[in-house]
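# Requesting a structural model of the entry that follows:
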Amino acid sequence: MIAHESLLHSKEVAAALRACLYTQLAQIDKVSQQQICDRYTLRDITNNLHNFSQHMDSLIVSAETGVAIATSMEQAHTRFRSILDSIAYLRDSFSAQKRWLESYQHRKNIAMNSSSSILSPNKMPRQVQQ
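Sure, this is the predicted structure:
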């Protein structure tokens with residue numbers, strides 16, 4: 001039950017982080033369309049993506065730990081079928097959550113690269129406001 005509650009809570013956190021990521025992606029799209037870029041806006045986007053990355057790393061490790069714990073519990077309780085089904089559900093849920101978190105992390109990397117390329121004077125023919 002505790003592991004299931006932990007999984008439910010982490011889904012809420014992941015949803016909030018997903019919203020944060022999509023907000024930053026929208027900001028990068030908006031900035032990339034402008035002729036003059038605001039360095040402070042890009043700095044804020046980069047800082048927000050860095051914070052996002054730290055949270056994602058932590059959640060991915062938590063999901064990996066949840067999978068490992070559920071797998072160990074599953075192996076220890078093979079003789080109790082109903083418990084085994086519950087543990088397998090938790091393991092599969094943590095695995096699925098980890099895949100989603102990794103995909104968010106990948107999207108964050110793309111956003112950070114986009115933000116960096118906007119700031120790079122050699123790559124973009126535009127002015128960056130100081």
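# Grab the nearest non-local neighbour of T23.
N48 (7.9 Å; CB to CB, 6 or more residues apart in numbering). Every residue, glycine included, has its C-beta placed from N, CA and C.
# Who are the contact partners of that neighbour?
With contact taken as CB atoms under 8 Å, 6 or more residues apart in numbering, N48 is in contact with 20, 23-24.
# Just among the residues you listed, which is most surrounded?
Comparing the contacts of N48 by number of neighbours (other CB atoms under 10 Å), Q24 comes first, having 24 neighbours.
# on that earlier part again, ok, now how distant is the residue nearest to T23 from L59?
16 Å (CB to CB, to the nearest Å).
# rewinding a little: let me know the closest of the contacts of N48 to R99.
Here the nearest of these to R99, counting by CB to CB, is C20; it sits at 18.9 Å.
# Contacts only, for the residue nearest to that closest one when sequence neighbours are not counted.
Using CB to CB, 6+ apart and skipping residues adjacent in sequence, the residue nearest C20 is F52, 5.7 Å away. By CB under 8 Å, 6+ apart, the contact list for F52 reads 17, 20-21, 24, 104, 108.
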